[in-house]
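**Q** A predicted structure for the sequence below; I have some questions about it.
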Amino acid sequence: MSKIKIENLVLSTLREFIKENDLELIGELNTDTRLIGSSGFLDSMDLVSFIVDLEEAINDEFSLEIELANDSTMSNRTSPFVNVSTLSDYILKITD
């Protein structure tokens, strides 16, 4: 599994999530798109829902059952959910 494939899956899942939830994204959706934080567009409930959708997409695409939000993730000094790129890096790390 490559980072490009993961990024593409994260982006496509995010695109669908934005559409289904009628969210407003300012600017273009790309790997630098901020998910959380002061310039992020997901609130905490949106993030949880998106993570569930993404876990399902990963399972469908790669036949992997992973848990993106767990105790160790939440205790990291830097959140992997900051943007699409950091999330993709995190997924790559935990699936290797």
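**A** Nice, thanks for sending it over.
**Q** residues contacting the closest residue to residue 12 other than its chain neighbours?
**A** Excluding the flanking residues, the one nearest residue 12 by Cβ to Cβ, 6 or more residues apart in numbering is residue 57, at 7.7 Å. C-betas here are computed from N, CA, C, even on glycine. The contact partners of residue 57, by Cβ atoms under 8 Å, 6 or more residues apart in numbering, come to 9, 12-13.
**Q** where in the chain is pLDDT low?
**A** 71-76 (pLDDT under 70).
**Q** on that earlier part again, PyMOL command for the buried members of the contacts of residue 57?
**A** Selecting only the buried entries of the contacts of residue 57 in PyMOL, with 16 or more other Cβ atoms under 10 Å as the criterion:
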select buried, resi 9+13
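**Q** adding secondary structure and distance to residue 40, write the contacts of residue 57 out as TSV.
**A** Formatted as TSV, the contacts of residue 57 follow (DSSP: H, G, I helix; E, B strand; the rest coil; distance: Cβ to Cβ, whole Å):
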residue	secondary structure	distance to residue 40
9	helix	20
12	helix	19
13	helix	16
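**Q** dump the contacts of residue 57 to TSV, plus distance to residue 86.
**A** Shown next, in TSV, are these (distance: Cβ to Cβ, whole Å):
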residue	distance to residue 86
9	15
12	18
13	15
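**Q** which one of the contacts of residue 57 is nearest residue 36?
**A** residue 13 (15.8 Å; Cβ to Cβ).
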